[in-house]
Each structure stands twice: as structure tokens, then as C-alpha cells.
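# With the sequence up front, the predicted model follows.
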Amino acid sequence: MTGAEEINRLKDRILRSRRQEHMEIPAFVSGAVAVEKDKIRGRQVYRLIPERATGNIFYLYHSDYVRDITRKQWEFILQLCTMTRMAVTVPLYPLAPEQDCEEVFDHLIPAYQSFCKHREKGPLIMIGAGNGGGFVVSLMLQIWKEGLADPDKVVLLSPIMDAEFFDQKMEEKVIRTMGKERFDLRKEFLDRYWVKNYAGRMEYTAPIYEDLHDICKDILVASGSKDPFSEYAREFSSRVQDTGNPLKFFEYREAGSDFYLHGSRKDTKHLMRMLHDFLLDSEDAILYQYMEEVRQRAEWSKWFPEIFTDERATRYVSGHPMRATKEGKAKNIYSLMGAAVQRSYDEAVSLFLKEYPNGTVVYIGCSMDTMLERVDNGRVLWYNLDSPGRIAVRTMYTGLGGREKRIERSVHDDSWVSELVCEKDRGLLFVVKDIFSYMKWKEMKSFLDLLYRNFQGCNVLFDVPTPRANLMYNMKGRSRGAEYRRRRLAMRDPRREIESMSPIYAVITVRSVLENVKMKRDWKFGLKWSFWSNRNREAWKIVHIRLGFEKYRTFDELGSGFRKSS
């Protein structure tokens with residue numbers, strides 16, 4: 001079968017799939033909220049209006065350019081409407097192969113004009129899913145030309161932003177996910193039936209490559225790593241952030257292109273909490289998802305100021321009162337150990353920076369920790385690495401740093417290695433707080449081998465409990481109301497066990513986290529007894545190792561020439 005015959009068969013299948021009932025809004029939607037109907041240029045436009053609407057959403061659904069809106073999409077739209085109490089406008093825009101790109105935007109621009117004219121009180125928000133996300137970006141580029149109202153916020157869900165595939169590298173990544181034959185059929189079909197006369201007009205067919213300086217200043221992008229077009233979401237987010245816009249980007253592991261439609265998924269529930277806070281300018285949903293550790297550090301600073309102090313966490317919690325968990329209701333050994341572990345990391349990193357003041361520190365799994373503020377010597381190059389979702393929330397918490405660089409990658413995604421740029425002879429330290437705790441022994445060794453292969457001679461800092469301390473921690477964790485994750489890694493003798501792992505792994509220091517911590521008179525008896533027991537057993541240690549035999553030059557060895565350059 002020739003390519004033309006395949007395209008004709010695909011066209012016939014699409015046309016046969018058209019159903020009149022797809023143009024009607026489902027009964028479960030009209031039964032839940034008030035629905036207004038309108039027609040613009042012969043196409044149906046629906047408006048869902050909850051009681052006492054507080055805002056306006058212009059929603060462009062994912063059709064992959066050719067498919068009718070589905071029941072799942074209506075369920076998601078209804079959830080947005082009821083969750084935010086905002087009126088949602090849904091235009092059923094033209095589809096290929098009957099209509100093309102030109103006709104789509106001939107419909108969408110007047111539909112947006114009508115949306116602005118008939119809006120409720122409150123903000124204007126645009127949400128686009130899949131190819132609807134690309135349409136939203138194109139509309140934002142056209143809004144200033146038409147003199148229309150700018151949206152206050154924009155949300156893009158698994159956006160598709162290039163129907164012509166101008167970038168060869170991006171095209172190759174899509175082909176690796178989709179397959180060459182399927183990709184070629186898609187591209188030729190879109191060229192013939194959707195792009196047509198708008199070929200090369202990137203503001204409509206590939207808005208990702210346009211000037212993005214003047215688009216909305218409050219954007220959230222969410223994508224799944226298994227989405228064939230996830231690379232476009234990353235690239236768009238990077239381009240917008242390069243303009244100085246602190247865009248929020250979330251990428252979910254193991255999630256496909258339509259993950260947001262499956263409400264039972266854990267990552268979808270997380271996305272809905274983020275959308276709630278983003279759209280409503282609230283923190284009710286994310287405080288307890290991400291900010292629990294901030295509250296804990298504020299409590300450590302209050303209860304054990306002689307051990308550890310985090311001024312930013314204290315300021316944040318004082319301005320954002322938070323419900324305490326069961327663990328946080330008492331001044332106990334768990335909060336004491338948390339403060340001691342954090343202090344041990346700060347001290348170890350500070351010692352490293354005294355030896356290598358112009359060195360590089362990579363904080364793997366940084367989450368909301370602002371360690372750089374506590375140990376900064378004014379010269380260190382600092383990388384904070386975590387998943388796109390956590391980095392996005394971190395930016396909301398801390399803002400954009402100066403010398404701090406951020407890598408938006410999962411710890412389990414080895415591609416982050418290629419984004420790290422540093423001068424190794426000035427010293428390189430990886431801080432791996434908590435990450436190893438949830439790994440098995442082989443997973444830890446595999447991770448260390450990755451660091452050794454790419455950064456021979458680097459330093460690694462991590463904490464580890466004894467088997468008994470791990471058992472007690474896990475027993476306590478099961479009884480907490482918070483989500484429980486079982487700690488796996490424990491070591492009786494870290495020096496012996498690490499060096500037996502590989503002869504090229506050298507242990508520099510092993511210290512108890514309670515070293516130099518003194519018992520206070522005002523502690524209750526239970527806390528004093530637990531402290532004494534843990535200190536005598538050295539139940540929790542912080543370990544500093546070097547991977548390989550390459551030695552970095554210290555500040556003194558670099559001499560006066562280095563001093564001038566720095």
C-alpha cells in the first residue's frame with residue numbers, strides 16, 4: 001500500500017468516526033451546572049456556569065486535530081468548573097480533514113472575543129490540553145494584534161506545539177517514542193489536511209518557535225514523561241524561563257499524554273491539587289504536600305536553636321500557619337534527630353567549602369531545603385536538582401536564586417548528568433540527603449557507579465542509620481498520619497561496608513550526627529533517655545566518601561594566580 005492510500009484510509013476512518021451525539025453536551029454535565037449554548041461561525045460553543053461564579057476559563061480540549069471531544073474530557077472540564085467555581089467556555093472548534101488550520105483560528109479568535117465580552121467577575125484563564133495547548137499559545141500571540149484582553153493565567157496540559165516538525169532533533173525524539181512509520185503517516189496527514197495554506201506560518205502551526213516575551217506572565221505546564229511530545233513541553237518551558245518568566249513546569253514519571261483525564265491516578269490527584277492552588281491563588285492543597293518539611297525545619301529551629309536554625313522556614317511558617325502532624329505535636333527524639341542530621345550536613349558542606357572555596361556542590365533531591373543560604377561562602381557554584389514538579393514548587397517558595405542553578409530532572413533520570421557543568425579541579429561534592437535511605441544496596445551502588453564514571457574523584461555526602469534505628473524509624477512511620485515510605489538502607493559499620501563495595505571508594509569521614517550535641521536540662525526524661533541511647537549507639541551517621549583516586553587542588557595548592565582569578 002502506498003503512502004497516499006494509507007492517508008486516504010486514515011481519512012475515511014476519521015470521517016466514519018464522526019457522530020452527531022458528540023456535538024451534544026452529556027446529561028451528567030448539564031445536570032450538575034447551568035449550561036449556556038451559543039454558535040459562532042456555525043460551530044457549537046458551550047458555557048458551564050456554577051452558582052456564584054468567581055472567574056472565567058477558556059478551555060481548548062485535546063482532539064489530536066481530528067477527534068471529537070470525549071466523555072472523559074467532559075468529566076475533567078466539569079471537575080475544573082466545580083473545583084474552581086469558575087465559568088468554563090468550551091468551543092467545539094473545527095477538525096481535520098474537513099477543516100484546516102485557517103478555519104480553526106477563524107473560529108477560535110471570535111470565540112475568545114465572545115468569551116471576554118460575556119465573562120463573569122474574576123480572572124480570565126486559558127487552559128489548553130494536547131493540541132489545544134498549542135492553540136492557546138497561538139491565541140496568546142494573536143491577542144495583542146486583535147486588542148483583546150490578556151489572560152491572567154495560562155495552563156498547558158501535555159501540549160503539542162509543532163504540527164510541522166521544524167526542529168529535526170525534536171522530530172527524532174518523537175520518532176523514537178512513536179515509531180517512524182506512524183510518525184511519517186501523521187506528519188503527511190497533517191501537512192495535507194490541517195496545515196495546508198498555513199505552511200510556514202509558525203505563529204499558528206508551531207508557536208513554540210515564536211518570540212515568547214510578551215505572553216502571559218503566570219503559566220503552568222504539566223506533562224508526562226511517556227508522552228511522545230513531552231520534549232516540546234520541556235522546550236517551551238525552558239524558552240519561557242529564558243525570558244525571565246518564572247513558569248511552573250511539572251513532569252510526571254510514567255505518565256502518558258492524557259494522564260490528567262484519569263482521576264484515580266496518584267499523579268493526576270497531585271496535578272489537581274496544584275491546579276486548585278494555581279488557579280485560585282491558594283496554598284491550601286500544596287502546603288501539606290510539599291511544605292511539611294518546611295514546617296518541620298521551623299519547628300526544629302524553635303525547639304533546638306542551639307543545634308539548628310533555618311530562618312527562611314521560620315519566616316515562612318510564621319506567615320503561613322500550618323496544621324501540625326502527629327509527629328510535630330511534641331518535642332521528641334525524631335525532631336531532635338532531624339535537627340541533628342540537618343546540622344551535620346550544613347557543617348560537612350561548610351568544611352568542604354573551606355578546603356575548596358570555589359568548588360561545586362550538587363544537592364541531589366533538594367526539595368524545599370535552602371541549604372545554600374546557610375552555608376554560602378559567596379563563591380561556591382551550587383546546583384539544586386529535583387523533579388520538575390518539586391523545582392516548580394521550590395521556585396514558588398524561594399524565588400529564583402542568583403548563583404544557584406536548578407536542574408529539573410528526576411534523580412532516577414540519568415540525563416541530569418549531561419546538564420552539570422563544573423570545573424572539577426576546584427572540587428566537586430554531591431549531597432545526597434535522604435535519597436539513599438529509600439534505595440536497596442544494589443541501587444545505591446549503581447548510583448555511585450554513575451557518579452564515578454562521569455565525575456571521577458568527586459566527593460559524596462550522605463546519612464545512614466543503623467539497622468535498629470531504621471527499624472524504629474519505620475515502626476514510627478507506620479503510625480503517622482502522613483504518607484509512609486519505608487526506609488531500606490542501613491549500615492552497622494559504614495566505613496567497612498562502603499570500602500567493601502569497591503576498592504576505589506574511599507571513606508573520608510564517618511561521624512555520628514549527635515557528635516558535639518549536648519543534653520539540655522529542660523528536656524523531658526523521655527527525650528533525655530532517647531538522646532543518651534542514640535548517642536551511645538551512634539544510631540545515625542553522616543558519611544563523606546570520595547569516588548576514585550583523582551585529587552582536586554585545594555585553595556592553597558592553586559596559589560596566588562587562582563586567588564586573582566577568583
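Everything's here; your move. This is a predicted model, so every value here is computed, not measured.
# Name every strand pairing with the strand or helix carrying L461 and say which way it goes.
Per DSSP states H and E: L461 is located in strand 459-465. Strand 459-465 has its sheet partners listed here by DSSP bridges as strand 428-431 (parallel), strand 540-547 (antiparallel).
# so F236 touches S223, yeah?
No. Using Cβ atoms under 8 Å as the test, F236 is too far from S223 to be in contact (9.5 Å). For the C-beta atoms, the positions are set from N, CA and C on the backbone; glycine is no exception.
# More neighbours: the two, which one.
S223 (29 against 26; other Cβ atoms under 10 Å).
# low pLDDT regions in the stretch 201-350 of the chain?
Residues of the stretch 201-350 of the chain meeting the criterion pLDDT under 70: 283-288, 321-330.
# any chance you could map the strands in it?
219-224, 248-252 (DSSP state E, counting those that start in this stretch).
# so can I have JSON lines of those strands showing distance to Y316?
Formatted as JSON lines, these follow (distance: least, Cβ to Cβ, whole Å):
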{"stretch": "strand 219-224", "distance to Y316": "21"}
{"stretch": "strand 248-252", "distance to Y316": "18"}
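# related to what we said a few turns ago, looking at the strands paired with strand 459-465, which is buried most?
strand 428-431 (a mean of 24; mean count of other Cβ atoms under 10 Å).
# pull the CA atoms of that one into PDB?
C-alpha atoms of strand 428-431 as PDB (Å, rounded to 0.1, in the frame of the first residue of the first chain):
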ATOM      1  CA  LEU A 428      33.000  18.700  43.400                       C
ATOM      2  CA  LEU A 429      30.600  17.500  46.200                       C
ATOM      3  CA  PHE A 430      27.300  15.600  45.800                       C
ATOM      4  CA  VAL A 431      24.900  16.000  48.700                       C
END
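# tell me which strands and helices the helix or strand just after it is in contact with?
Later in the chain than strand 428-431, the nearest helix or strand by DSSP H and E is helix 441-454. Applying 3 or more Cβ pairs under 8 Å, 6 or more residues apart in numbering; DSSP states H and E, one finds that helix 441-454 makes contact with strand 540-547.
# Look through the chain and tell me its longest helix.
As assigned by DSSP state H, the longest helix anywhere in the chain is helix 333-355.
# and among the strands of the stretch 201-350 of the chain, the most buried is which?
strand 219-224 (a mean of 26).
# so what pLDDT did the spatially most central residue of the chain get?
Most central in the chain under Cα atoms, centre = their mean is G389, positioned 1.5 Å from the mean C-alpha point. On pLDDT, G389 comes in at 77.
# Enumerate every residue touching it.
Applying Cβ atoms under 8 Å, 6 or more residues apart in numbering, we find G389 in contact with 250-252, 270, 274.
# okay, these in JSON lines with distance to K187 next?
As requested, those are exported to JSON lines (distance: Cβ to Cβ, whole Å):
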{"residue": "F250", "distance to K187": "28"}
{"residue": "E251", "distance to K187": "25"}
{"residue": "Y252", "distance to K187": "27"}
{"residue": "H270", "distance to K187": "33"}
{"residue": "M274", "distance to K187": "33"}
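# now, which of those sits nearest Q113?
Nearest to Q113 among these, counting by Cβ to Cβ, is M274 at 29.9 Å.
# Isn't that closest one up against L220?
Yes. Counting by Cβ under 8 Å, M274 does reach L220; the two are 7.2 Å apart.
# Common neighbours of the two, please.
What both M274 and L220 touch, as defined by Cβ under 8 Å, 6+ apart, is the set F250.
# ok, and the closest non-adjacent residue to G55?
G122 (3.4 Å; Cβ to Cβ, 6 or more residues apart in numbering).
# typo on my end, D376
Closest to D376 by Cβ to Cβ, 6+ apart is W382, at 7.8 Å.
# Direction included, what does whichever strand or helix holds that neighbour pair against?
According to DSSP H and E, W382 maps onto strand 381-386. Partners of strand 381-386 in the sheet, by DSSP bridges, are strand 360-364 (parallel), strand 404-408 (parallel).
# Export those as JSON lines, with columns for mean pLDDT.
JSON lines is the format used below for the strands paired with strand 381-386 (pLDDT from 0 to 100):
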{"stretch": "strand 360-364", "mean pLDDT": "95"}
{"stretch": "strand 404-408", "mean pLDDT": "86"}
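# Tabulate these in CSV, adding columns for distance to E203.
Listed next are the strands paired with strand 381-386 as CSV, based on distance: least, Cβ to Cβ, whole Å:
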stretch, distance to E203
strand 360-364, 39
strand 404-408, 27
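# Just name the most buried of these.
strand 360-364 (a mean of 23).
# any idea which helix or strand comes after it?
Using DSSP H and E, the next helix or strand after strand 360-364 towards the C-terminus is helix 371-375.
# from the middle of its chain, how far away would that following helix be?
Distance of helix 371-375 from the chain centroid (Cα atoms, centre = their mean, to the nearest Å) equals 22 Å.
# Give the buried residues for that helix.
Across helix 371-375, burial judged by 16 or more other Cβ atoms under 10 Å covers 371-372, 374-375.
# per-residue confidence averaged over that helix?
94.
# which outside residues touch it?
With Cβ under 8 Å, 6+ apart, helix 371-375 has contacts from 310-312, 345-346, 349-350, 353, 361, 363, 380, 382, 384, 401, 404, 431.
# shouldn't the residue nearest to G55 be in contact with R52?
No. Applying Cβ under 8 Å, one finds G122 not in contact with R52, separated by 10.5 Å.
# Of those two, which one has the most company?
Legend: neighbour count by other Cβ under 10 Å for G122 and R52, higher for G122 (16 against 8).
# Just say helix, strand or coil for the more buried one.
coil (DSSP: H, G, I helix; E, B strand; the rest coil).
# For it, give its distance to M439.
Between G122 and M439 the computed distance is 47 Å (Cβ to Cβ, to the nearest Å).
# just M170 next, same as before
33 Å.
# What of R192?
Noted for R192: a distance of 51 Å to M439, by Cβ to Cβ.
# And G548, by the same measure?
Noted for G548: a distance of 21 Å to M439, by Cβ to Cβ.
# likewise S344?
Taking Cβ to Cβ, one finds S344 at 20 Å from M439.
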